[in-house]
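Undergrad: here is a sequence with its predicted model. Questions after.
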Amino acid sequence: MKKSKYRRLLTVLPAAFLLLGCEAGESEEEPADVGEAMDHTIVGIEAGSGTTEMAEDMLNDYDNLEGWELQTSSTAGMVTALEQAIENEEPIVVTGWTPHWIFEEFDLKILDDPKNSLGEEEFIHTIVRQGLAEDMPGAYTVMENFSWEVEDMQEVMFAAQDIPFEEAATNWVEDNRDMVDEWTAGAEPVDGQEFRLVSTPWDSERASSHVMQIVLEELGYTVDITSVDPVVMFQAIAHDEGDASLAPWLPMTFGAYYDEYEDQIVDLGPNMSGAMNGLVVPAYMDIDSVEDLPAKD
């Protein structure tokens, strides 16, 4: 597949978007024909996920989506369906999120979501336990300096489809020394001090965690990565069972957990902007907004 660069759109967020394709030569056909070809069905991910819940709500927010159905699947199943549809240039609608490696592999665009049913732009924050600045000033400095772009994360995620995340992260660090040097500026080396990085089991957070592991280990830290559910992630930082996390999506996705533990953690602010859920189509589709999706007769 042709590799394409992610195009940031600030109209929509994490964790879900729709991909729409059409058969070869159908870019000029009426939108209603496209809807019928897809049987007015959206291929979703896991039932009960935040992305799925928001997509279900979206069906009620837009009059033109009346009669559309959301078919729950899995993240892997969604990606497989998307790959097959694009290979055959067949129409498909799927739910998802960005950052995601599919934006590196396929030429996609996020549909405008005028009602913000799937949320507006979100930010991925860095949070650390209270007292980290005093106990580990070097690691705290790196955490405070850490910032990168959606394209950076997606590059690691895309590479990790063929090689282990550890190798993908190592290669990215080697290729982006200037940025890494900015993160580590002012951080003194240590000798084997243990650092507990808490994450979530998403590929996006696997990318950031493994990159940070490489960076801290180069400074002499021994880094342990633990992937847990989001609520457990906040609990771990709040209760001094972890030192830091690069994974909180705010203000919406993890907002309830953040509000509960805000007074027990230290928020160092966003390490990435431009995370979002939304409706997405392949670039060859002549559809730019959720409102362009054809209503079911």
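TA: Perfect, thanks for sending it.
Undergrad: number of residues surrounding Gly192?
TA: The local packing of Gly192 (other Cβ atoms under 10 Å) involves 8 other residues. Backbone N, C-alpha and C define where each C-beta goes, glycine included.
Undergrad: the closest residue to it other than its chain neighbours: what's it in contact with?
TA: Counting by Cβ to Cβ, 6 or more residues apart in numbering, Gly192 lies nearest to Thr222, which is 5.4 Å off, once chain neighbours are set aside. Applying Cβ atoms under 8 Å, 6 or more residues apart in numbering to Thr222 gives the contacts 192-195.
Undergrad: of the residues you listed - the most surrounded one?
TA: Greatest neighbour count in the contacts of Thr222, by other Cβ under 10 Å, goes to Phe195: 24 neighbours.
Undergrad: which of the helices or strands spans that residue?
TA: For Phe195, the host element (DSSP states H and E) is strand 194-199.
Undergrad: got the confidence number for the residue nearest to Trp183 when sequence neighbours are not counted?
TA: Excluding its sequence neighbours, the residue lying closest to Trp183 (Cβ to Cβ, 6+ apart) is Asn145, at 4.5 Å. On pLDDT, Asn145 comes in at 98.
Undergrad: and which of the contacts of Thr222 is nearest Met272?
TA: Of all the contacts of Thr222, Met272 sits closest to Phe195, with 20.4 Å by Cβ to Cβ.
Undergrad: tell me the contacts of the closest residue to that closest one other than its chain neighbours?
TA: Nearest non-adjacent residue to Phe195, counting by Cβ to Cβ, 6+ apart: Tyr221, 4.5 Å away. Counting by Cβ under 8 Å, 6+ apart, Tyr221 touches 138-139, 190, 192-195.
Undergrad: spell out for me which residue occupies the centre of the chain.
TA: Pro99 (3.5 Å; Cα atoms, centre = their mean).
Undergrad: could you report the distance from that one to Ala81?
TA: According to Cβ to Cβ, to the nearest Å, Pro99 and Ala81 sit 20 Å apart.
Undergrad: which neighbours in the sheet does the strand of greatest length in the chain have, and how are they oriented?
TA: Using DSSP state E, we find that the single longest strand of the chain is strand 265-275. Strand pairing for strand 265-275, determined by DSSP bridges: strand 122-129 (antiparallel).
Undergrad: tell me where the stretch 51-200 of the chain has strands.
TA: Under the criterion DSSP state E, counting those that start in this stretch, strands of the stretch 51-200 of the chain are mapped to 69-71, 108-111, 122-129, 194-199.
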